[in-house]
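1. coords please:
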Amino acid sequence: MIPPVEIKINLGVDVDGALDRLGCAGGPAVRRSIWFAESRADGQDGALALLGNGIVIRLRSGDLDDLTVRLRPCRRSQLMGRWARPFTDTETEYRIADDWCGQRRALTASVLGVRPPGSLAEVARSGVAVTSLLNSAQRQFLVTCTRPGVAFDHLEPVGPIAATRWTGVRFGDLELDVERWTAAGTDLLELAIRVEPIEGETPLELMTRAAQTQQGFEAAVRRAGFPVLRGRTKTQRMLSALVRRPIER
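-> Have a look, this model is predicted:
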């Protein structure tokens, strides 16, 4: 199984201007609120225990709610048994992908469960322990694929983040997914494209094709004059901003 490659570029200055130039302003979009489950530790930087161990538990709520458990980065050797390949069943969708942003490349594995619209927002604001929301597959994934010693009890929802997503955005010869996150005085925009494996293609051929696509994508963004953020991921930046203020209920 060859996973697809998701290529991302993050922008953090003049987000409104970038959206206008991309033709997103006023266009159809999906709007949801996002929380991340975390064990917040005292410290100068507001340590984030789960994120620091490469584990993300995300709650999204709006017209469609979902709860995702993700390992990023992870190793192939962590994905044992049924977790070695993607699958979909009655309550769960399991995905594996390569996540590229600049020079950072990481294998990610995600278990997504759909919930009734609006239900996760109610729970996030209620103070209920987030771990109680995980379905059986997500619990099994955490037990099987994470190292011992990571505490999953008493996790708090950190947020909300106002998220707006546009799909199928034309940018030259490319078709992008565009997502804006706003919270805690931080405004971030992510541009993303997905490179799917072609039947008969080898892993090396896919990586070569994805690298060429990434090079062209980044060159087009530079030509457009968009201010690219380097270093930390969108999730790292937003959670770091959120833990420096009281959690909203």
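2. going by C-alpha atoms from here, please, whenever you check contacts or count neighbours.
-> Noted.
3. may I have the longest helix along the chain exported as CSV, CA atoms only?
-> Using DSSP state H, we find that the single longest helix of the chain is helix 203-223. Extracted in CSV, the C-alpha atoms of helix 203-223 (Å, rounded to 0.1, in the frame of the first residue of the first chain):
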residue,chain,number,x,y,z
PRO,A,203,6.9,4.3,-4.0
LEU,A,204,10.0,6.0,-5.5
GLU,A,205,8.1,7.1,-8.5
LEU,A,206,5.3,8.6,-6.4
MET,A,207,7.9,10.4,-4.2
THR,A,208,9.6,11.8,-7.2
ARG,A,209,6.3,13.0,-8.7
ALA,A,210,5.3,14.5,-5.4
ALA,A,211,8.6,16.3,-5.0
GLN,A,212,8.2,17.9,-8.5
THR,A,213,4.6,18.9,-7.6
GLN,A,214,5.8,20.4,-4.3
GLN,A,215,8.5,22.4,-6.1
GLY,A,216,6.0,23.8,-8.6
PHE,A,217,3.5,24.6,-5.9
GLU,A,218,6.0,26.5,-3.7
ALA,A,219,7.3,28.4,-6.7
ALA,A,220,3.8,29.5,-7.7
VAL,A,221,3.1,30.7,-4.1
ARG,A,222,6.4,32.6,-4.1
ARG,A,223,5.6,34.2,-7.5
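4. from residue 58, how far off is the one residue sitting closest to the centre of the chain?
-> Closest to where the C-alpha atoms of the chain average out (Cα atoms, centre = their mean) is residue 235, at 6.9 Å. As judged by Cα to Cα, to the nearest Å, residue 235 and residue 58 stand 10 Å apart.
5. got it, and residue 21?
-> 30 Å.
6. between the two, who's got more neighbours?
-> residue 58 (19 against 13; other Cα atoms under 10 Å).
7. hang on, that one packs against residue 36?
-> Yes - in this structure, residue 58 is within contact of residue 36 by Cα atoms under 8 Å, at 4.5 Å.
8. can you give me the helices for the chain?
-> Under DSSP H, the chain gives helices at 15-22, 49-52, 119-126, 136-145, 203-223, 234-242.
9. possible to save those helices as JSON lines with mean pLDDT and distance to residue 173?
-> Shown next, in JSON lines, are the helices of the chain (pLDDT from 0 to 100; distance: least, Cα to Cα, whole Å):
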{"stretch": "helix 15-22", "mean pLDDT": "93", "distance to residue 173": "13"}
{"stretch": "helix 49-52", "mean pLDDT": "86", "distance to residue 173": "35"}
{"stretch": "helix 119-126", "mean pLDDT": "89", "distance to residue 173": "37"}
{"stretch": "helix 136-145", "mean pLDDT": "93", "distance to residue 173": "38"}
{"stretch": "helix 203-223", "mean pLDDT": "95", "distance to residue 173": "9"}
{"stretch": "helix 234-242", "mean pLDDT": "90", "distance to residue 173": "25"}
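10. and of these, who's closest to residue 65?
-> Distance to residue 65, taken as Cα to Cα, is lowest for helix 119-126 among the helices of the chain, at 6.5 Å.
11. send the alpha carbons of the closest one over as CSV?
-> Only the C-alpha atoms of helix 119-126 are listed here, as CSV (Å, rounded to 0.1, in the frame of the first residue of the first chain):
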residue,chain,number,x,y,z
SER,A,119,-22.9,17.2,19.5
LEU,A,120,-19.1,17.7,20.0
ALA,A,121,-19.5,21.4,20.6
GLU,A,122,-21.9,20.7,23.4
VAL,A,123,-19.5,18.2,24.9
ALA,A,124,-16.4,20.5,24.5
ARG,A,125,-18.2,23.2,26.4
SER,A,126,-19.5,20.9,29.1
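12. run through who's touching that helix.
-> 33, 35, 59-62, 65-66, 130, 157, 248-249 (Cα atoms under 8 Å, 6 or more residues apart in numbering).
13. buried ones in stretch 185-195?
-> 187-195 (16 or more other Cα atoms under 10 Å).
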